[in-house]
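Asks: here is a sequence with its predicted model. Questions after.
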Amino acid sequence: MTAPKKLYVKTYGCQMNVYDSERMAEALGQQGYVETTDMAEADMILLNTCHIREKAAEKVYSELGRLKPLREAKPDLKIGVAGCVAQAEGAEIMARQPMVNLVVGPQAYHRLPAMMEAVDRGETALDTDFPEEDKFLHLPAGRKPARGPTAFLTVQEGCDKFCAFCVVPYTRGAEVSRPVDRLMREARDLVERGVREITLLGQNVNAYHGQGPDGEWGLARLIREMAGIDGLDRIRFTTSHPNDMDDDLIAAFGDCEALMPYLHLPVQSGSDRILKRMNRSHTAESYLTLIERLRAARPDLLLSGDFIVGFPEETDEDFQATLDLIEAARYGAAYTFKYSPRPGTPAAERPQVPDAIADDRLQRLQALITRQQRAAQEAMVGKETTVLFEKPGRMAGQMVGKSEHLHAVHVDGPETLKGRIARVRIIEAGPNSLGGVLA
Ligand code: 5AD
Ligand code: SF4
């Protein structure tokens, strides 16, 4: 028997890429590959890339440059590029880095086994099509047992919103929702393998409109149906757009026990002028009204967001409006970005804000967010919450898990807590996690 070939996957960017990397590893498993965490022993290295950040493609090219010595030492080493940079750059990747054997876009992963057969014959393989067929249909279901008590499940992909700064509609294509019955099957399968918490993923997850047994279902209906799965205790979803937050989904935060009180709802800016130029089709006020309604349904909802500073033509006044919105909305977590022009998007052509000004705004924004984040953590001290334990902590005898509000929580407790949900009283708030005692 020959030794299995080793696959090393490096994942950049969003949670959807984490999910995709797992599915790709499984598809390559059919080709005899087993995963390794040691790049040096790999027979194949797959970079699953993200195009959101500044100079994303350049960073992939330099990463590929760093792989050159490995390839020289091991001429049989296969190198593949997947994800959104693969989609955006396509054949350019092989032109600039001829050692790359395979380039596969996010809509073509199910064709990986056939592509690998071509690579094994000494050919290069490139597929960045947006095929009609559903790629998920062709990917094997997850391995046994699950990697831990939490899992991602992609329910929707792509985006039709075309925010003026964003490449997603170009790299991930139009919005597609997966049908209800397959998602329910995948969710049941995950639970059978020990998963207690599922995060439903989609670039525009709350725009989900998948085919159900009696017509199209929205996200709230899907969540309620999944909440009925015995053993599935927690459901989350990300990322949402304010315009797709319908009444049923808002109500679900109040009446669906399994739906956790955490919502990532990016607003991007607090200035109506900038929001319009971003093509966001909501206003600061409509966003704040939405937050009020969500908190009426679930008073302890922890709100998280994305913000961009230095969007073209952003003035001090516009930026102040963003700070004001953050003060009013009260965030428990947030991701802050300095605007970076993405080639091919409308905003890239517009007059840019000088770097020094954008840097200064980013710092001020981060300081405010950090303050709010601390306040949210400190507000938990003295309260009881449930924690789903995932792994041992850094200190001996400690276990770490996630609270309902997605705070990392550590307690002194036995390893048998792993995969269990227990009540915990929070006794301290540190910068990165909360400390508690089993209640
Ligand atoms: N520049 C800066 N931030 C961006 N994002 C998306 N595109 C850009 C860009 N060109 C941010 C948005 C989005 C998050 C995933 O990344 O805030 O919500
Ligand atoms: Fe990009 Fe999100 Fe806007 Fe879609 S809604 S274009 S994914 S920022």
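Replies: Received it, and whenever you're ready, just let me know what you need. Residues are numbered from 1 along each chain as shown. Ligands and ions are numbered 1, 2, ... in the order given.

Asks: CA atoms for contacts and neighbours, from now on please.
Replies: OK.

Asks: where exactly do the helices run in the stretch 51-200 of the chain?
Replies: 56-73, 83-89, 91-96, 112-120, 135-138, 168-171, 180-192 (DSSP state H, counting those that start in this stretch).

Asks: reformat those as JSON lines; add mean neighbour count and mean pLDDT.
Replies: Shown next, in JSON lines, are the helices of the stretch 51-200 of the chain (neighbours: other Cα atoms under 10 Å; pLDDT from 0 to 100):
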{"stretch": "helix 56-73", "mean neighbour count": "14", "mean pLDDT": "89"}
{"stretch": "helix 83-89", "mean neighbour count": "25", "mean pLDDT": "87"}
{"stretch": "helix 91-96", "mean neighbour count": "15", "mean pLDDT": "88"}
{"stretch": "helix 112-120", "mean neighbour count": "17", "mean pLDDT": "84"}
{"stretch": "helix 135-138", "mean neighbour count": "14", "mean pLDDT": "65"}
{"stretch": "helix 168-171", "mean neighbour count": "20", "mean pLDDT": "90"}
{"stretch": "helix 180-192", "mean neighbour count": "18", "mean pLDDT": "95"}
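
Asks: who wins for proximity to residue 289 among the ones you listed?
Replies: helix 168-171 (27.2 Å; Cα to Cα).

Asks: quick one, which of the helices of the stretch 51-200 of the chain is nearest to ligand 1?
Replies: helix 168-171 (8.1 Å; Cα to the nearest ligand atom).

Asks: tell me the helices and strands packed up against the closest one.
Replies: Identification of packing neighbours for helix 168-171 by 3 or more Cα pairs under 8 Å, 6 or more residues apart in numbering; DSSP states H and E yields helix 83-89.

Asks: so what does the helix it packs on touch, helix or strand wise?
Replies: In terms of contacts (3+ Cα pairs under 8 Å, 6+ apart), helix 83-89 is packed against strand 44-49, helix 56-73, strand 102-104, helix 168-171.

Asks: could you rerun that using 6 Å?
Replies: Contact partners of helix 83-89 among helices and strands, from 3 or more Cα pairs under 6 Å, 6 or more residues apart in numbering; DSSP states H and E: strand 44-49.

Asks: mean confidence score for the strand it packs on?
Replies: For strand 44-49, mean pLDDT rounds to 93.

Asks: now do the buried residues in the longest helix along the chain.
Replies: Criterion DSSP state H: the longest helix present in the chain is helix 355-378. Going by neighbour count (16 or more other Cα atoms under 10 Å), the buried part of helix 355-378 is 358-359, 361-362, 365-366, 369-370, 372-374, 376-378.

Asks: hmm, residue 254 is touching residue 297, no?
Replies: Yes - the criterion here is Cα atoms under 6 Å, and residue 254 meets it with residue 297 at 4.6 Å.

Asks: got a list of what residue 306 touches?
Replies: 266, 268, 334, 335, 336 (Cα atoms under 6 Å, 6 or more residues apart in numbering).

Asks: same check, this time on residue 200
Replies: Shown in contact with residue 200 (Cα under 6 Å, 6+ apart): 153, 154, 237.

Asks: skipping adjacent residues, who's closest to the first one in space?
Replies: Among residues not flanking residue 153 along the chain, residue 200 sits closest, at 5.0 Å (Cα to Cα, 6 or more residues apart in numbering).

Asks: out of the contacts of residue 200, which end up buried?
Replies: Among the contacts of residue 200, those classed as buried by 16+ other Cα under 10 Å are 153, 154, 237.

Asks: so which of those comes closest to ligand 1?
Replies: Checking the buried ones among the contacts of residue 200 one by one against ligand 1 (Cα to the nearest ligand atom), the nearest turns out to be residue 237, at 14.5 Å.

Asks: for that closest one, what is the enclosing helix or strand?
Replies: Residue 237 belongs to strand 234-238 when assigned by DSSP states H and E.

Asks: average pLDDT for that strand?
Replies: Strand 234-238 comes out at a mean pLDDT of 97.

Asks: how far does the helix or strand following it sit from the chain's center?
Replies: For strand 234-238, the following helix or strand on the C-terminal side (DSSP H and E) is helix 247-255. Offset of helix 247-255 from its chain centre (Cα atoms, centre = their mean, to the nearest Å): 22 Å.

Asks: what's downstream of helix 247-255, the next helix or strand?
Replies: Helices and strands here follow DSSP H and E; after helix 247-255, the next one along the chain is strand 262-264.

Asks: roughly how far out does that next one sit from the chain middle?
Replies: 12 Å.

Asks: what lies in contact with stretch 201-212?
Replies: Stretch 201-212 has contacts (Cα under 6 Å, 6+ apart) with 153-158, 177-180, 216-219, 237-240, 244.

Asks: CA atoms of stretch 109-121 as PDB?
Replies: Extracted as PDB, the C-alpha positions of stretch 109-121 are listed here (Å, rounded to 0.1, in the frame of the first residue of the first chain):
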ATOM      1  CA  TYR A 109     -14.900  23.300  -6.300                       C
ATOM      2  CA  HIS A 110     -17.000  20.200  -7.200                       C
ATOM      3  CA  ARG A 111     -14.800  19.800 -10.300                       C
ATOM      4  CA  LEU A 112     -11.700  19.500  -8.200                       C
ATOM      5  CA  PRO A 113     -11.300  15.700  -8.400                       C
ATOM      6  CA  ALA A 114     -11.400  15.800 -12.200                       C
ATOM      7  CA  MET A 115      -9.000  18.800 -12.200                       C
ATOM      8  CA  MET A 116      -6.600  16.900 -10.000                       C
ATOM      9  CA  GLU A 117      -6.700  14.000 -12.400                       C
ATOM     10  CA  ALA A 118      -5.500  16.400 -15.100                       C
ATOM     11  CA  VAL A 119      -2.800  17.700 -12.800                       C
ATOM     12  CA  ASP A 120      -1.600  14.200 -12.000                       C
ATOM     13  CA  ARG A 121      -1.300  13.700 -15.800                       C
END
